[in-house]
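Participant: Fold the stuff below for me.
(chains A and B)
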There are 2 protein chains.
Amino acid sequence: MNENDLITSLVRPWKSGPHLLVGPGDDCALVRPPRSGEQLVLKTDALVENVHFTRQAGWPLIGQKAVARVVSDFAAMGATPHHLLITIGLPASVTPRHLASCYRGMRTAARRWKLDLAGGEITRSPLFWISIAATGSVQCGRAVLRSGARAGHGIYVTGRLGGSFASRRHLHFTPRLSEGLWLARHRFPSAMMDLSDGLGADLPRLARASGLSFHIDPSALPCHARCTPSQAVNDGEDYELLFTVPPVREKSLLANWPFRTRLTHIGTMLPRTRRPETGGIDFRGFDHLA
Amino acid sequence: MNENDLITSLVRPWKSGPHLLVGPGDDCALVRPPRSGEQLVLKTDALVENVHFTRQAGWPLIGQKAVARVVSDFAAMGATPHHLLITIGLPASVTPRHLASCYRGMRTAARRWKLDLAGGEITRSPLFWISIAATGSVQCGRAVLRSGARAGHGIYVTGRLGGSFASRRHLHFTPRLSEGLWLARHRFPSAMMDLSDGLGADLPRLARASGLSFHIDPSALPCHARCTPSQAVNDGEDYELLFTVPPVREKSLLANWPFRTRLTHIGTMLPRTRRPETGGIDFRGFDHLA
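Facilitator: This next block holds a predicted model:
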């Protein structure tokens, strides 16, 4: 199968929404811009074989995970994703059938989260990798950054943490898009991000972006079954939301939270001059380049 | 150097323009959307080590080429690129110094074409690769697609063709952004694309998108010095513009072309029922997956 035929066979099954004016197949894609009063939101995310996944995961789940990770980043800004550009590095060992199976997984996730395929590329590569770029939108002034926390704000997480690899949950997780959009719409979070590298790496990032330190109560951590607090902090790939809330808004948040998803208060932001208080748990997280 | 420090050191030297609201460092980037009356233009493009380049090219030129290729795709739509998201697959054999040198090359190209760095990612990978996503804009109705050619339209190319690898021109080319924007603004082209895989692969794509065939006059091909017409057709990586013009507009185009860049009439689009006429030259082009 040559390049043109392969791409055509992969792209044909995707249905496209009304915002996609020119989809895959031209030099660039052309889409309707965000509505007036909205800002454009951009994200790129990559998965590399034998670094982020192995083929044992199964091709459809690899594809689903690639898309779900990007959706999780939009959730973390309180933004809505709209369009995907999928770039694939394709070794000879991945057959057109494998690739079709991976695309089927991406399509499943895209349908669920209402994402159009706007474009992308397939390129020869000694190694299999997926790089996904996504565009979306958020109302002006509604995006939740990492930098907005203040000392005294409560620290919250959705869901449970830890054991994501051991349980294969990292292939099956549900990005918290509804929760992130609801939180942003009601302006509860002062800062927010998603937990991709684990609380132990991600909370220090949020604290650094906000110029703060933090106190965590290990006994409050919502650990998955058979996980210690240390695993909940350092395993990574939870894809839960981590956010901070001003004290005056905490009661209202807890009273109005409309989701089944668990919501847990795990600590408090501290002034920069204080050392992080973690109750003895090592916050080492996960360094992609380590 | 850990991931946070490495990214900070690479991103800090980039100056950002007024359209970038939240740049690298948060979950997503936030940018001003296109102005009213404009459409959003999206493109992604990847380079893989030992497939698209070798380290002998030098890190700054590798970076420059990665950005210039994307700019060339915007030129081919008559669109203006604005924001870059740069994703890197980073093996241990590429040192922070190599990477900084590559980013310097990308920055040089970005400054020249007035592009902001909106975000991206650096991820561990056994192999070095660069995947660039770019967003831009075009006035509604002005984008030039591959599908607009009609039988009888003249076929034109900018510049000269062939010998791009042998001459290292593929590392040094100037994307035809000014030319593409001018052509689109004056509505000369009925169809347009850039010549990345060579006329022999790209003209058949334009013809297929327009539902047509084509006649090429080999003696008219603007070959680079020491290149045969066959090399001009099949070497690839010219990054010149290929476009078609309705006969009633050809005289005006030639009379008003304001650039030093060579402009050459090389043939005519034919009805789909005709076989391609190439004067005996094999139009085999370049298949990325071959």
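Participant: Okay, now stretch A:188-206: how far is its last residue from its first?
Facilitator: One end of stretch A:188-206 to the other measures 16 Å (Cα to Cα, to the nearest Å).
Participant: Please tell me how far the residue in chain A that chain B sits nearest to sits from residue B:85.
Facilitator: At 3.4 Å from chain B, residue A:133 is the closest residue in chain A, using Cβ to the nearest Cβ. The C-beta positions use only the backbone N, C-alpha and C, and glycine is treated the same way. With distances taken as Cβ to Cβ, to the nearest Å, residue A:133 is found 6 Å from residue B:85.
Participant: the more surrounded of those two?
Facilitator: Here residue A:133 and residue B:85 are compared on neighbour count by other Cβ atoms under 10 Å in any protein chain shown; more neighbours surround residue A:133, at 30 against 27.
Participant: Return the residues in contact with that one.
Facilitator: By Cβ atoms under 8 Å, 6 or more residues apart in numbering or on different chains, the contact list for residue A:133 reads A:42, A:43, A:44, A:84, A:85, A:87, B:42, B:44, B:85, B:87, B:131, B:133.
Participant: is chain B contacted by the top helix by length along chain A?
Facilitator: Criterion DSSP state H: the longest helix present in chain A is helix A:59-77. Yes. With Cβ under 8 Å from any Cβ of the partner chain as the criterion, chain B is reached by helix A:59-77 at A:73, A:74, A:76, A:77.
Participant: Look up how far residue A:125 lies from the residue of chain A closest to chain B.
Facilitator: As for residue A:133, its distance to residue A:125 is 17 Å (criterion: Cβ to Cβ).
Participant: what's downstream of the helix or strand residue A:102 falls within, the next helix or strand?
Facilitator: Taking DSSP states H and E as the criterion, residue A:102 maps to helix A:96-112. Downstream of helix A:96-112, the next assigned helix or strand under DSSP H and E is strand A:116-124.
Participant: Any chance you could list what contacts that next one?
Facilitator: A:3, A:6-7, A:10-11, A:14, A:16-17, A:19-20, A:23-24, A:28-29, A:31, A:82-91, A:99, A:107, A:110, A:135, B:42-46, B:48, B:51-52, B:288-289.
Participant: What about these, which are in helices?
Facilitator: A:3, A:6, A:7, A:10, A:11, A:99, A:107, A:110.
Participant: near chain B, which of those show up?
Facilitator: Contacts with chain B within those, counted by Cβ under 8 Å from any Cβ: A:3, A:6.
Participant: show me the contacts for the residue nearest the centre of chain A.
Facilitator: The centroid of chain A falls nearest to residue A:72 when counting by Cα atoms, centre = their mean (2.5 Å). Contact partners of residue A:72, counting by Cβ under 8 Å, 6+ apart, are A:173, A:175, A:176, A:177, A:194, A:196, A:239.
Participant: Please list all residues in contact with the nearest residue to the fifth one once chain neighbours are set aside.
Facilitator: Nearest non-adjacent residue to residue A:194, counting by Cβ to Cβ, 6 or more residues apart in numbering or on different chains: residue A:76, 3.9 Å away. Contacts here follow Cβ under 8 Å, 6+ apart; on that basis residue A:76 touches A:144, A:180, A:192, A:193, A:194, A:241, B:27, B:28.
Participant: Tell me how many other residues surround the third one.
Facilitator: Taking other Cβ under 10 Å as the criterion, the count of residues near residue A:192 is 28.
Participant: Next secondary structure element downstream of whatever helix or strand it lives in?
Facilitator: Using DSSP H and E, residue A:192 sits in strand A:191-194. As assigned by DSSP H and E, the chain's next helix or strand after strand A:191-194 is helix A:199-210.
Participant: still on that earlier bit, and the longest helix of chain A, how far out from the chain's middle?
Facilitator: Mean-position distance between helix A:59-77 and its chain equals 6 Å (Cα atoms, centre = their mean, to the nearest Å).
Participant: which secondary structure elements does the strand or helix carrying residue A:231 contact?
Facilitator: Element membership for residue A:231, per DSSP H and E: helix A:229-234. The contact analysis (3 or more Cβ pairs under 8 Å, 6 or more residues apart in numbering or on different chains; DSSP states H and E) places helix A:229-234 against helix A:199-210.
Participant: orientation of the helix it packs on relative to helix A:59-77 in degrees?
Facilitator: Using axes from the mean of the first three to the mean of the last three Cα atoms, to 10 degrees, the inter-axis angle of helix A:199-210 relative to helix A:59-77 is 30 degrees.
Participant: how many neighbours does the nearest residue in space to residue A:6 that is not next to it in sequence have?
Facilitator: Spatial nearest neighbour of residue A:6, chain neighbours left out: residue A:96 (5.9 Å); criterion: Cβ to Cβ, 6+ apart. Number of residues near residue A:96 (other Cβ under 10 Å) recorded here: 14.
Participant: Let's see the pLDDT reported for residue A:96.
Facilitator: For residue A:96, the pLDDT comes out at 94.
Participant: gap between the nearest residue to residue A:161 once chain neighbours are set aside and residue A:195?
Facilitator: Once flanking residues are discounted, residue A:161 sits nearest to residue A:232: 3.8 Å by Cβ to Cβ, 6+ apart. Distance check for residue A:232 against residue A:195: by Cβ to Cβ, it reads 10 Å.
Participant: overlap in contacts of these two?
Facilitator: Common neighbours of residue A:232 and residue A:195 (criterion: Cβ under 8 Å, 6+ apart): residue A:161.
Participant: Where does the prediction get shaky in the stretch 101-250 of chain A?
Facilitator: Applying pLDDT under 70 to the stretch 101-250 of chain A picks out no residues at all.
Participant: Residue A:132 in helix, strand or coil?
Facilitator: Of the three states, residue A:132 takes strand under DSSP: H, G, I helix; E, B strand; the rest coil.
Participant: Show me what it bridges to in the sheet.
Facilitator: Under DSSP bridges, the beta-bridge partners of residue A:132 are residue A:45, residue A:86.
Participant: May I have the residues that are in contact with it?
Facilitator: Residue A:132 sits next to A:44, A:45, A:46, A:66, A:67, A:69, A:70, A:84, A:85, A:86, A:87 when contact means Cβ under 8 Å, 6+ apart.
Participant: Please list all residues in contact with the fourth one.
Facilitator: Residues counted as contacts of residue A:66 (Cβ under 8 Å, 6+ apart) are A:45, A:47, A:86, A:105, A:106, A:130, A:132.
Participant: So for residue A:286, what's the pLDDT?
Facilitator: In the prediction, the pLDDT value recorded for residue A:286 is 53.
Participant: again with residue A:282
Facilitator: You'll see residue A:282 listed with a pLDDT of 89.
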